[in-house]
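Colleague: Fold the following and give me the result.
(2 chains)
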Amino acid sequence: MKARNLMVKARNLMVPLTDYLRPESTIKEAVNMLRSAKRDDERVGVKGLPVLDAGGKLVGILSMGDILKAVYPFYMPMMNLGDFTWDGMVESLARQATDRTVDNIMTKNVITIGENDSLMKCVDQMIKNKVHRLPVLDDSNKVVGMLYERDVFFIIVKAMLEEGKDKEK
Amino acid sequence: MNAEPSAVTQVVMGAQFWTATALFLVAYALIVSEKVHKTVVAIFGASVMIVLGIITQEEAFHSKDLGIDWNVIFLLVSMMIIINIMKPTGAFEYIAVKSAKVAKGQPFRIMVILSVVTAVMSAFLDNVTTVLLIAPVTLLICQALELDVIPFLLTEAMASNIGGTATLIGDPPNIMIASKAKLDFVSFLFNLAPVIVVILIVYILTIKIIFGKKLQVKDELRQRVMEMDERATLKDPVLLKKSLLVLAITITGFMFHGVLDLEPATVALFGAGLLLLISGVKDPHHILAEAEWATLFFFMGLFIIIGGVVNVGLVKWMSIQVLNLTHGNLLGTSMIVMWFSAFASAFIDNIPYVATMNPLIIDMARQLWPDASGLALLHHPDLMPMWWSLALGACLGGNGTAIGASANVIVVGLAEKAGKPISFGKFMMYGMPLMVESVTIAMGYVWLRYYVFKF
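Modeller: Predicted coordinates:
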């Protein structure tokens, strides 16, 4: 397999940017987008998308975790209140949150990676910053794609399994 | 009733006097403006006082009259340690949820019970701590009942300021007054608690008129509250028992510290030490780190700054002016002290205010009774109403505005996070009349008890 010797850079592994969010979109629009985002030509949904302003500049990232935080009342972590919740609480708070805008709940401090960065640098960024996806930037700082933890995982799997095959031979 | 000021010694207004006065005024202005964090102002101001030789380091660190009041610091830090150890037991969640269930989920009843609980807890704990323990559960209960949380947060903050006035340990001004005037826990309870009970009852009747009719909820929403199991939160019954035991020992210690000849700080330190020991805390670092060091250092810096202006005679000069103004009429002086304290505390932090007033009152007493000293001076029968007026004015005055007391600042912050901001004007619309109401009752009480019936 020649592929193993190929230098895998962030741009080889990323999913090219097709779907992204706008800061002024509502959460309702955002969750719909997350649900139907494209991945490998299929509309399977993703767990996070970059947020770009009108000029195409990266201003944030919105993930499932941010959506959960949007319905999680700020006073809950102040004390042990998990025991005092009721059925339908999440749903009713979700309905109340539908019209909030993306820039209100997105993560503004975005960890990014350059398109020519090495795979280990991607892993380094993911682990150190506890994130599962990285927007990939080109030289002019434009978002060109998204690198997902899952795709890095598949590279690792491939390496391990091919190693096994080599030994068998 | 009139005691003419005598033996007015002259204050030397030299370079040191003006330097210290300027430092004091700039520090006060910076604290009020909130341009620089008050703790930073206090620490820097204190260090400048020492660097310029207005007060020596020896005096700043070790003098009982001029330096840091370690009684206040150790009392505060010890109570913080006890609460920090106790917090994870779930006892406070239990109390708040239980209160809502006792009220059968009826909104106004919940408001009353939570206000009373807040007031009683504030009498024994720091007001900010109490509000931070009750408010999160209040927010949750209002969410369950689909009610506007603002009236609940407002009434709790004000109840906390009222309740805190009742005891020596309830509010920092009282801790400071007790330490400087050498008054014990029982004196505070005996002199302040009766009027606080009256003020609290009138307060509840007033909030009934203001909020009572507006609060209605459907039965199915009340069911959400009634189905909460308050016992579920009690995760560590062993630690809870130990904490309650230590709390009981500490409060009993406060009751008898006069008889036992122990300072309140000693009692609190013993409680903190005992709970640290028996709770089996492996690494005390995080318990100690959670103490509010910014507040504690604010106190320390402030004591040194005040020590400086006492040292140069500014406070003495101020006390002479007060006596000239009131011509030594003690009833008049205590009424002025109470109302002035109330309005001053409504707009500025009552901690620096009381830190300044304490030496001022002592200096005033020295002018009035030059032959007395020690306890005979501090506990002069004609001076006692002055201490109680200062305590009542400074503590109750906090209710006047959104920035009058730390508890108010906390609830305003929480309301904003909840997406329901309380404007300065809105707070004052409720706070100012309620403050005037409570100080009026306090005024009647001081007049009747100390000047008419004299007991």
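Colleague: and the helix or strand in which A:Phe153 is found, what does it pack onto?
Modeller: A:Phe153 belongs to helix A:149-168 when assigned by DSSP states H and E. In terms of contacts (3 or more C-beta pairs under 8 Å, 6 or more residues apart in numbering or on different chains; DSSP states H and E), helix A:149-168 is packed against helix A:10-13, helix A:119-129. All C-beta atoms are positioned from the backbone trio N, CA, C, and that covers glycine.
Colleague: so how far is chain A from B:Ala248?
Modeller: In this view, B:Ala248 and chain A are 23 Å apart by C-beta to the nearest C-beta, to the nearest Å.
Colleague: Am I right that that residue is in a helix?
Modeller: Yes. B:Ala248 forms part of a helix when assessed by DSSP: H, G, I helix; E, B strand; the rest coil.
Colleague: list the buried ones in the helix or strand hosting B:Phe303?
Modeller: Assigned by DSSP H and E, B:Phe303 belongs to helix B:293-311. Across helix B:293-311, burial judged by 16 or more other C-beta atoms under 10 Å in any protein chain shown covers B:295-311.
Colleague: just stretch B:22-31 next, same as before
Modeller: Those buried within stretch B:22-31 under the rule 16+ other C-beta under 10 Å are B:23-24, B:27-28, B:30-31.
Colleague: what about the helix holding B:Phe303, distance to the chain center?
Modeller: Per C-alpha atoms, centre = their mean, to the nearest Å, the displacement of helix B:293-311 from the mean C-alpha position of its chain is 17 Å.
Colleague: Would you tell me what the next helix or strand after that helix is?
Modeller: Criterion used, DSSP H and E; the element after helix B:293-311 is helix B:314-326.
Colleague: Could you give me the buried positions within that next one?
Modeller: For helix B:314-326, by 16+ other C-beta under 10 Å, it's B:314-320, B:322-323, B:326.
Colleague: Then stretch B:182-192?
Modeller: B:183-189, B:191-192.
Colleague: Widest-spaced pair of these?
Modeller: Pairwise distances across those (C-beta to C-beta) peak at 12.5 Å, for the pair B:Asp184 and B:Leu192.
Colleague: neighbours around the residue in the stretch 351-455 of chain B that chain A sits nearest to, how many?
Modeller: Chain A sits closest to B:Lys417 of the stretch 351-455 of chain B, with a gap of 5.0 Å, by C-beta to the nearest C-beta. A total of 13 residues lie near B:Lys417 under the criterion other C-beta atoms under 10 Å in any protein chain shown.
Colleague: Give me the number of neighbouring residues for the nearest residue to it once chain neighbours are set aside.
Modeller: Excluding its sequence neighbours, the residue lying closest to B:Lys417 (C-beta to C-beta, 6 or more residues apart in numbering or on different chains) is A:Phe74, at 5.0 Å. Number of residues near A:Phe74 (other C-beta under 10 Å) recorded here: 13.
Colleague: re earlier: which residues touch the helix holding B:Phe303?
Modeller: Residues from elsewhere that reach helix B:293-311, judged by C-beta atoms under 8 Å, 6 or more residues apart in numbering or on different chains: B:20-21, B:23-24, B:27, B:37-39, B:41-46, B:49-50, B:54-55, B:59-60, B:63, B:65-69, B:72-73, B:76-77, B:172, B:315-316, B:351-352, B:355-356, B:359.
Colleague: So what's the residue count around the residue in the stretch 251-400 of chain B positioned nearest to chain A?
Modeller: Closest to chain A within the stretch 251-400 of chain B is B:Glu290: 13.5 Å, counting by C-beta to the nearest C-beta. B:Glu290 has 14 neighbours, counted by other C-beta under 10 Å.
Colleague: Can you give me the buried ones in stretch B:396-415?
Modeller: B:396-408, B:410-412, B:414-415.
Colleague: Now do the end-to-end distance for it.
Modeller: 22 Å (C-alpha to C-alpha, to the nearest Å).
Colleague: Mean confidence (pLDDT) on it, please.
Modeller: Averaged over stretch B:396-415, pLDDT sits at 91.
Colleague: what do you get for stretch B:296-308?
Modeller: 92.
Colleague: weakest of the helices and strands packed on helix A:149-168 in terms of mean pLDDT?
Modeller: helix A:10-13 (a mean of 88).
Colleague: That one - contacts with which helices or strands?
Modeller: So helix A:10-13, by 3+ C-beta pairs under 8 Å, 6+ apart, packs with helix A:119-129, strand A:133-137, strand A:143-148, helix A:149-168.
Colleague: sorry, back to before: could you say which helix or strand holds the nearest residue to the residue of the stretch 251-400 of chain B closest to chain A once chain neighbours are set aside?
Modeller: Leaving aside its sequence neighbours, B:Glu290 sits nearest to B:Asn84 (C-beta to C-beta, 6+ apart; 4.7 Å). Assigning secondary structure by DSSP H and E places B:Asn84 in helix B:70-86.
Colleague: going on from that helix, what's the next piece of helix or strand?
Modeller: With DSSP H and E, the next secondary element past helix B:70-86 is helix B:91-102.
Colleague: Just the buried residues of that next one, please?
Modeller: Buried, per 16+ other C-beta under 10 Å, within helix B:91-102: B:91-101.
Colleague: Please apply the same query to stretch A:113-125.
Modeller: Under 16+ other C-beta under 10 Å, the buried positions of stretch A:113-125 are A:113-115, A:117, A:119, A:122, A:125.
Colleague: Pull up the distance across that stretch, start to finish.
Modeller: End-to-end for stretch A:113-125, by C-alpha to C-alpha: 8 Å.
Colleague: again, but for stretch B:269-289
Modeller: 16 Å.
Colleague: name the helices or strands packed onto whichever strand or helix holds B:Phe343?
Modeller: Assigning secondary structure by DSSP H and E places B:Phe343 in helix B:330-347. Counting contacts by 3+ C-beta pairs under 8 Å, 6+ apart, helix B:330-347 is packed against helix B:314-326, helix B:350-368, helix B:384-396, helix B:424-446.
Colleague: same thing but 6 Å
Modeller: helix B:384-396 (3 or more C-beta pairs under 6 Å, 6 or more residues apart in numbering or on different chains; DSSP states H and E).
Colleague: what's the angle from the helix it packs on to helix B:350-368?
Modeller: Here helix B:384-396 runs at an angle of 170 degrees relative to helix B:350-368 (axes from the mean of the first three to the mean of the last three C-alpha atoms, to 10 degrees).
Colleague: Between helix B:350-368 and whichever helix or strand comes after helix B:384-396, find me the angle.
Modeller: Going down the chain from helix B:384-396, the next helix or strand is helix B:406-417, by DSSP H and E. Using the same axes, to 10 degrees, the inter-axis angle of helix B:406-417 relative to helix B:350-368 is 160 degrees.
Colleague: Up against chain B, what does chain A have?
Modeller: By the rule C-beta under 6 Å from any C-beta of the partner chain, the part of chain A lying against chain B is A:74-75, A:78-81, A:83-84, A:86.
Colleague: Most neighbours among these, please name it.
Modeller: Most surrounded of these: other C-beta under 10 Å gives A:Phe84, at 25 neighbours.
Colleague: list the buried ones in stretch B:352-365?
Modeller: So, applying 16+ other C-beta under 10 Å, buried residues of stretch B:352-365: B:352-365.
Colleague: I meant stretch A:94-112, not that one.
Modeller: Applying 16+ other C-beta under 10 Å to stretch A:94-112 flags A:94, A:97, A:100, A:102-103, A:105-107, A:110, A:112 as buried.
Colleague: Just the ones of those in strands?
Modeller: Counted as lying in strands by DSSP state E, out of these, is not a single one.
Colleague: Apart from its chain neighbours, what residue comes closest to the residue nearest the centre of chain A?
Modeller: For chain A, A:Gly48 is the residue whose C-alpha lies nearest the centre (C-alpha atoms, centre = their mean; 3.4 Å). Among residues not flanking A:Gly48 along the chain, A:Ser63 sits closest, at 3.5 Å (C-beta to C-beta, 6+ apart).
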